[in-house]
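1. Sequence below, structure please.
(2 chains, ligands or ions: 2)
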Amino acid sequence: MARIIVVTSGKGGVGKTTTSAAIAMGLAKKGHKTAVIDFDVGLRNLDLIMGCERRVVYDFVNVINGEATLNQALIRDKNCNLLYILPASQTRDKDALSQEGVGKILDELKKDFKYIVCDSPAGIEKGAHLAMYFADDAFIVTNPEVSSVRDSDRMLGILSSKSRRAEQNEDPIKEYLLLSRYSPDRVKLGEMLSVEDVQEILSLHLLGVIPESKSVLNASNSGTPVILDEKSDAGQAYADIVARYLGEDKPHRFIDDKKGLFGKLFGRK
Amino acid sequence: MSIDSQQNSNHSPILEFKSSTFSVPILVLASNDIITIEQQLQDKVNLAPEFFKNSPLVFDLQELNKHDLDIDITALTKIIRKLGLLPIGIRGGSTQQNKQALELGIPVHSGHTVTASSETQKQQVPEPLEPELESEADAITTTMITHPVRSGQCIYAAGDLVILAQVSAGAEIMAEGNIHVYGSLRGRALAGVQGNTEARIFCSDLQAELISIAGNYKISEDLHGAISNQPVQIYLQNHTLVIKDI
Ligand SMILES: Nc1ncnc2c1ncn2[C@@H]1O[C@H](COP(=O)(O)OP(=O)(O)O)[C@@H](O)[C@H]1O
Ligand SMILES: [Mg+2]
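-> Numbers count the residues shown, from 1 in each chain, chains lettered A, B, ... in the order given. Ligands and ions are numbered 1, 2, ... in the order given. As a prediction, this is how the structure comes out:
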């Protein structure tokens, strides 16, 4: 059975697109045919992160309007042939997407793909609503700060009451917490919430912590999802997240400061 | 208007009808004395001003009509509005009253409608009773919530409310009866919202933004001293909220 994953947060700039690109690549690399869809109509930056912006001919809205077929619009990734990107339109306004249209496209994708990753726009308006409506799983991307956590909480409320699964009384959407742009140093200084703080406020299953990392900017500048930078901390964090999502048991990393030699020798926390 | 918006309307419907049920306070009248009604309704509103502010209300005239007591719909509507409530329906009205209500833009609710013949049947005049507020849901039931109540969500229970998970900051839970919260209570909790001063709030971890019983409330600023990191109960004593460890 295909699964639809929405990457959402409520707040903007927390790392949804970075995460969508990374986990879609990660799932495809693990051998699962995956499509990643940009729901941020009007802004369009998933294709930049995926490095396929110069190969965009048709977009999501063209397919909904019947101006192109899904096959014409899907772009095969240059690094992994099991990964496809459905770009957003830069020129249309946000209202170009309809629930019926989105539903139809997702149904069609489900026949052919194992995972469909939906990169949600910020906010709780129509675009974000459509991105999460059909989801089976939700990756809630949160930064360790109060306003981001509050927005995530609000989004969780919407997932549990306004999604298709909620409306049809099916099993609820499975919710996972991805704590992004985490910096243990700043937590220590009291400038950021800790993992425990966030988990206590949201009471949500933690899928992984992604450290604040320069490698994310480098990756987006070069148009390759950061997960392909296997040496980077953020890349490894996303690899762990994909593995855990697929059921592997991986201890959490990047929560504490890098342990010194002393700490390693004596196994101290 | 513009060509753009016309095109849009071809693709996506701009409206849809959905049906749902919700609980609305019903004002059951047993007297047609407008002045007394106003007084007693004012008293009720004072008990839970938060709850009644802009609350929709259906007024029920069945008792009056049973006893052949006519009432001035226009005057009644006026005082309801004056007290900050929003009349959204009439129930148990006579044909004439229904017509009057409709002219004031107040919909007629089916059920309990008194027919013309029964209007004249009963002659006995009742002793005037105080207006009684009852909820659409008749049976006192317990509403059980097993999932977290998130920011922006609102839960209303006609009876008791039991929440087995957390109530997030920015969420609101209301009950006509008692409230029990077994996760952290960080949002707003209002018990006895119809004026039941006996209602209580029980919670295992009190970090609420606001707690209220029958309209008597405390906000989180007032609660600081009361946070004890252990289960508490909150009840009313002489119009004051008391917070006690359990
Ligand atoms: N782990 C991280 N470390 C450092 N910068 C990050 C990280 N994740 C995201 N960013 C940066 O934050 C900005 C917003 O990220 P993006 O994925 O576009 O967020 P969203 O889609 O939620 O708006 C981008 O400039 C991105 O490079
Ligand atoms: Mg984005």
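2. mean confidence score for stretch B:224-240?
-> Stretch B:224-240 carries an average pLDDT of 86.
3. outside of that stretch, which residues touch it?
-> By CB atoms under 8 Å, 6 or more residues apart in numbering or on different chains, the list of residues contacting stretch B:224-240 from outside reads B:191-192, B:197-207, B:211, B:213-214, B:216, B:241-246. Placement of C-beta: from N, CA and C, glycine included.
4. can we see that at 10 Å?
-> B:178-182, B:185, B:189, B:191-192, B:196-208, B:211-216, B:218, B:220, B:223, B:241-246 (CB atoms under 10 Å, 6 or more residues apart in numbering or on different chains).
5. can you tell me the residue of chain B closest to ligand 1?
-> In chain B, the residue found nearest to ligand 1 is B:Ser151; the distance is 18.6 Å by CB to the nearest ligand atom.
6. Next step: the contacts of stretch B:224-240 restricted to strands.
-> B:179-182, B:185, B:189, B:191, B:201-206, B:211-213, B:216, B:218, B:241-245 (DSSP state E).
7. What's the ChimeraX line that selects buried ones from those residues?
-> Only the buried entries of the ones in strands among the contacts of stretch B:224-240 go into this ChimeraX selection, using 16 or more other CB atoms under 10 Å in any protein chain shown:
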select /B:179,180,181,185,189,191,201,202,203,205,206,211,212,213,216,218,241,243
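8. ok, and of the ones in strands among the contacts of stretch B:224-240, which contact ligand 2?
-> Among those, proximity to ligand 2 is found for none (CB under 5 Å from the ion).
9. Next SSE downstream of whatever helix or strand B:Gln42 lives in?
-> Using DSSP states H and E, B:Gln42 falls within helix B:34-47. Downstream of helix B:34-47, the next assigned helix or strand under DSSP H and E is helix B:49-52.
10. Figure out how far the helix or strand that that next one is followed by is from the centre of its chain.
-> Using DSSP H and E, the helix or strand that follows helix B:49-52 in sequence is strand B:56-60. Relative to its chain's centre, strand B:56-60 lies at 10 Å (CA atoms, centre = their mean, to the nearest Å).
11. Adjacent strands (with direction) for strand B:56-60?
-> Sheet pairing of strand B:56-60 (DSSP bridges) gives strand B:25-28 (parallel), strand B:86-91 (parallel).
12. Can you tell me which of those is nearest to ligand 2?
-> With CB to the ion as the criterion, ligand 2 lies closest to strand B:86-91 of these, at 40.8 Å.
13. mind listing what's buried in that closest one?
-> B:Pro87, B:Gly89, B:Ile90, B:Arg91.
14. and the last one, what are its bridge partners?
-> In this entry, B:Arg91 is beta-bridged to B:Asp60, B:His109, by DSSP bridges.
15. residues near B:Phe51, how many?
-> 20 (other CB atoms under 10 Å in any protein chain shown).
16. Give the residue spans of the stretch 151-269 of chain A that score low on pLDDT.
-> A:257-269 (pLDDT under 70).
17. To what extent is the closest residue to chain B within it buried, counted in neighbours?
-> Nearest residue of the stretch 151-269 of chain A to chain B: A:Gly157, at 3.0 Å (CB to the nearest CB). By the criterion of other CB under 10 Å, A:Gly157 has 23 neighbours.
18. Identify the spatial nearest neighbour of residue 142, chain neighbours not counted.
-> Going with chain A. A:Ser152 (4.5 Å; CB to CB, 6 or more residues apart in numbering or on different chains).
19. wait, I meant chain B there
-> B:Asp160 (4.5 Å).
20. who's in contact with residue 163?
-> Here I'm looking at chain A. Contacts of A:Ser163 by CB under 10 Å, 6+ apart are A:Val6, A:His129, A:Met132, A:Tyr133, A:Phe134, A:Ala135, A:Asp136, A:Ala138, A:Glu170, A:Pro172, A:Ile173.
21. um, chain B though
-> B:143-149, B:155, B:157, B:171, B:173, B:175, B:179-183, B:185, B:189, B:203.
22. Quick check: which of those residues are also close to chain A?
-> B:His147, B:Pro148, B:Val149, B:Ala171, B:Gly183 (CB under 10 Å from any CB of the partner chain).
23. got a winner among these for most neighbours?
-> The ones next to chain A among the contacts of B:Ile163, ranked by neighbours (other CB under 10 Å): first place B:Val149, 28 neighbours.
24. what sits against it?
-> By CB under 10 Å, 6+ apart, the neighbours of B:Val149 are A:153, A:157, A:160, B:155, B:161, B:163, B:165-168, B:170-173, B:181, B:183, B:185-187, B:189.
25. And A:Phe113, by the same measure?
-> A:2-4, A:27-28, A:32-36, A:74, A:82-84, A:106.
26. In strands only, show me those residues.
-> Filtering the contacts of A:Phe113 for strands - DSSP E - leaves A:Arg3, A:Ile4, A:Thr34, A:Ala35, A:Val36, A:Leu83, A:Tyr84.
27. A:Arg8: neighbour count?
-> If you look again at residue A:8, you'll see it is Thr, not Arg. 33.
28. Name the nearest residue to it, ignoring sequence neighbours.
-> A:Ser120 (4.0 Å).
29. Please save the CA atoms from the helix or strand where B:Ile173 lies in CSV.
-> Using DSSP H and E, B:Ile173 sits within strand B:172-175. Only the C-alpha atoms of strand B:172-175 are listed here, as CSV (Å, rounded to 0.1, in the frame of the first residue of the first chain):
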residue,chain,number,x,y,z
GLU,B,172,-10.4,25.5,25.4
ILE,B,173,-12.4,22.9,27.2
MET,B,174,-15.9,23.6,28.6
ALA,B,175,-18.4,21.5,30.5
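30. Can you name the residues in contact with that strand?
-> B:48, B:50-51, B:142-143, B:145, B:149, B:151-163, B:167, B:179, B:181, B:185, B:187-194, B:196, B:199, B:201, B:208-210, B:212.
31. So how do I select the buried members of the residues you listed in PyMOL?
-> Buried residues among these (16+ other CB under 10 Å), as a PyMOL selection:
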select buried, chain B and resi 48+51+143+145+149+151+152+153+155+156+157+158+160+161+162+163+167+179+181+185+187+188+189+190+191+192+193+194+196+199+201+208+209+210+212
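32. The residue nearest to A:Thr8 contacts A:Val36, correct?
-> No: counting by CB atoms under 10 Å, A:Ser120 stays clear of A:Val36, with 11.8 Å between them.
33. before we move on, the earlier item: make TSV out of the ones in strands among the contacts of A:Phe113 and add distance to B:Gly105 and neighbour count.
-> Formatted as TSV, the ones in strands among the contacts of A:Phe113 follow (distance: CB to CB, whole Å; neighbours: other CB atoms under 10 Å in any protein chain shown):
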residue	distance to B:Gly105	neighbour count
A:Arg3	49	17
A:Ile4	45	24
A:Thr34	55	26
A:Ala35	51	26
A:Val36	51	32
A:Leu83	58	27
A:Tyr84	55	25
